[in-house]
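Enquirer: what's the 3D shape of this:
(chains A and B)
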Amino acid sequence: DQQVKQNSPSLSVQEGRISILNCDYTNSMFDYFLWYKKYPAEGPTFLISISSIKDKNEDGRFTVFLNKSAKHLSLHIVPSQPGDSAVYFCAAFKAAGNKLTFGGGTRVLVKP
Amino acid sequence: NAGVTQTPKFQVLKTGQSMTLQCAQDMNHNSMYWYRQDPGMGLRLIYYSASEGTTDKGEVPNGYNVSRLNKREFSLRLESAAPSQTSVYFCASSEIGRPGNTIYFGEGSWLTVV
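Expert: Reported below is the predicted structural model:
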């Protein structure tokens, strides 16, 4: 029973265009949602987060949108760059227990 | 700036063998975690330690044991390895109460059980 799902295992986009990564969750008790980026042979690194009481958070080229009624969040990368090619994990955080629950990941390829 | 260091980086085990993955962090974090990453499954929490002296099961604890040796170190033990435990293992640490942007991961340990 996956509480956090990323239904698109891969995404290919042209450099300079927008990348949109999607994530769905089932538990309405999560306090924060986060996106992590992972390069091969490295550990995941934090990218951006959003509180469950917000609907948008922006940091440079990265924007996360949260739709609580749909239990859905998305990450927009604009403009996409070749260095953005990586696996992106959506994660949900519950303060009680201090734990992160991850989605399955989306592999993004940005073509020059 | 070591951050989270885990060893070994690569290991091949035979079914039934035991081994311990070591993890240490130098950020004075209270909480430490062990995750495994499998294709299409994301990172799944095996065990975690919210603070020194405590450990709790995560999503997939079966076949594993952990020890929070002190505030810095959190080890993961496979008592009798099985092929289903072939995976990439990540140790992580964080401060209690922070929403996850202060969770730092090690570089991973690739384990193959044959």
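Enquirer: How about the residues of chain A by chain B?
Expert: Residues of chain A lying close to chain B by CB under 8 Å from any CB of the partner chain are A:4, A:6, A:9, A:31-32, A:34, A:41-46, A:49, A:51, A:89, A:91, A:93, A:95, A:97-105. Just so you know, the C-beta spots here come from the backbone N, C-alpha and C atoms, and that holds for glycine as well.
Enquirer: same thing but at 6 Å, please
Expert: Counting by CB under 6 Å from any CB of the partner chain, chain A comes close to chain B at A:32, A:34, A:42-44, A:46, A:49, A:89, A:93, A:98, A:100, A:102-105.
Enquirer: taking these one by one, which sit in strands?
Expert: Counted as lying in strands by DSSP state E, out of those, are A:32, A:34, A:46, A:49, A:89, A:93, A:100, A:102.
Enquirer: Any idea what the third one is bridged to?
Expert: Here A:Phe46 shows beta-bridge partners A:Tyr36, assigned using DSSP bridges.
Enquirer: Which of the ones in strands among the residues of chain A next to chain B scores worst on pLDDT?
Expert: Here the lowest pLDDT out of these sits on A:Leu100, with 83.
Enquirer: Look at it and say how many residues are nearby.
Expert: A:Leu100 has 26 neighbours, counted by other CB atoms under 10 Å in any protein chain shown.
Enquirer: Hmm, A:Ala91 and it touching each other?
Expert: Yes - with contacts defined as CB atoms under 6 Å, A:Leu100 counts as touching A:Ala91 at a distance of 4.7 Å.
Enquirer: List the contacts of the residue of chain A found nearest chain B.
Expert: Across chain A, the shortest distance to chain B (CB to the nearest CB) belongs to A:Gly43, at 3.1 Å. Contacts for A:Gly43 (CB atoms under 6 Å, 6 or more residues apart in numbering or on different chains) come out as B:90, B:105-108.
Enquirer: since we're on B:Ser18, how many residues are nearby?
Expert: The number of residues packed near B:Ser18 is 11, by other CB under 10 Å.
Enquirer: Could you double-check that it lies in contact with B:Leu76?
Expert: No - using CB under 6 Å, B:Ser18 is not in contact with B:Leu76; the gap is 11.5 Å.
Enquirer: Contacts only, for A:His76.
Expert: Taking CB under 6 Å, 6+ apart, one finds A:20, A:63 in contact with A:His76.
Enquirer: Repeat that for B:Ser67.
Expert: B:Ser75.
Enquirer: redo that, cut-off 8 Å
Expert: By CB atoms under 8 Å, 6 or more residues apart in numbering or on different chains, the contact set of B:Ser67 is B:55, B:74-75, B:77.
Enquirer: Out of those, which end up buried?
Expert: For the contacts of B:Ser67, a burial check counting by 16 or more other CB atoms under 10 Å in any protein chain shown picks out B:55, B:74-75.
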